[in-house]
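Undergrad: Predicted structure and sequence below. I'll ask about it afterward.
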Amino acid sequence: RPAAAAVQRRTGARGSAFSQSTASRDPARPLARHCAPGQARAQDPVEIRGRLGYLRRNTAGTCALSVDSAAKSQTRVLVVDDNAGSVAATVKYLELRGYAARGAANGRMALAEAAAWLPDVVILDLGLPDIDGFTVLQRLQETSPARPVTFIAVSGRADDATKERGRRAGFDHFLVKPVRLEFLTTLLPEAPG
């Protein structure tokens, strides 16, 4: 039986940190007794972004998940392009500058990776072989509407109609290939130092 949980979000200059409290699973006492008024109950949905941390038991008999200061989060960047060399070079460049970066070779892989990893930034090629970048963007926006994510479109087409379609779709930035990686990093949040 799931434990009750309460989640708090704190936002700072370099991102967000979450803490979670869960009631103990003492079968002799009903779960509702472990929850103070206003705390989440077992049936309430809880979304927690994965972070490294540790559990500690406090005097109230609840467990609190604390983010270990040594495991501070990095800005997560997902690079989506069907050109494997471009993905590898961009991921390596970003990692060398302090970002956590991963790559995906098509739209389906991008959707799966984004669901599992929760990136802060998605650099998305519009001309993917399976699902076009506009459709990938729409699906990502539908699955994470409450999370702020920066979306950067990358395309070989520089025409005004494509750029306008990208702006209307919700891309924060539009870059034309070939992308200068030095310029790309100016569009990203500052990497933790």
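TA: Thanks, I have it. Numbers count the residues shown, from 1 in each chain.
Undergrad: what comes into contact with the longest helix anywhere in the chain?
TA: Secondary structure assigned by DSSP state H gives helix 84-96 as the longest helix of the chain. The contact list for helix 84-96 (Cβ atoms under 8 Å, 6 or more residues apart in numbering) reads 77, 79-81, 101-105, 123, 179, 181, 184-185, 188. All C-beta atoms are positioned from the backbone trio N, CA, C, and that covers glycine.
Undergrad: What about these, which are in strands?
TA: 77, 79-80, 101-104, 123 (DSSP state E).
Undergrad: can you put those residues in TSV and add distance to I131, pLDDT and neighbour count?
TA: Below are those laid out as TSV (distance: Cβ to Cβ, whole Å; pLDDT from 0 to 100; neighbours: other Cβ atoms under 10 Å):
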residue	distance to I131	pLDDT	neighbour count
V77	20	98	27
V79	16	98	27
V80	10	98	28
A101	21	98	22
R102	18	98	20
G103	16	98	22
A104	11	98	24
I123	16	98	27
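Undergrad: Adding distance to S144, write those residues out as CSV.
TA: Putting these into CSV (distance: Cβ to Cβ, whole Å) gives the following:
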residue, distance to S144
V77, 15
V79, 17
V80, 15
A101, 18
R102, 16
G103, 19
A104, 16
I123, 16
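Undergrad: May I have the residues that are in contact with R157?
TA: 126, 176.
Undergrad: and it, which of the three is it?
TA: Classification of R157 by DSSP: H, G, I helix; E, B strand; the rest coil places it in coil.
Undergrad: mind checking the backbone torsions on it?
TA: phi -100, psi 130 (degrees, to the nearest 10).
Undergrad: just Y99 next, same as before
TA: phi -90, psi 150.
Undergrad: ok, now D130?
TA: phi -100, psi -50.
Undergrad: is it true that it touches A105?
TA: No - D130 is not in contact with A105 according to Cβ atoms under 8 Å; the separation is 9.4 Å.
Undergrad: between these two, which one's more packed in?
TA: Ranked by neighbour count (other Cβ atoms under 10 Å), D130 and A105 place A105 first, with 17 against 13.
Undergrad: ok, that one to L128 distance?
TA: Distance of A105 to L128, computed by Cβ to Cβ, to the nearest Å: 8 Å.
Undergrad: which residues do those two both contact?
TA: What both A105 and L128 touch, as defined by Cβ under 8 Å, 6+ apart, is the set 80-82.
Undergrad: would TSV of those residues with distance to I152 be doable?
TA: Converted to TSV, those look like this (distance: Cβ to Cβ, whole Å):
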residue	distance to I152
V80	10
D81	11
D82	16
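Undergrad: burial count for V176?
TA: 14.
Undergrad: how close does V79 sit to D160?
TA: 26 Å.
Undergrad: buried stuff in the longest helix of the chain?
TA: Under the neighbour-count criterion of 16 or more other Cβ atoms under 10 Å, helix 84-96 has 86-87, 90-91, 93-94 buried.
Undergrad: Check those and tell me the two furthest apart.
TA: S86 and L94 (12.4 Å; Cβ to Cβ).
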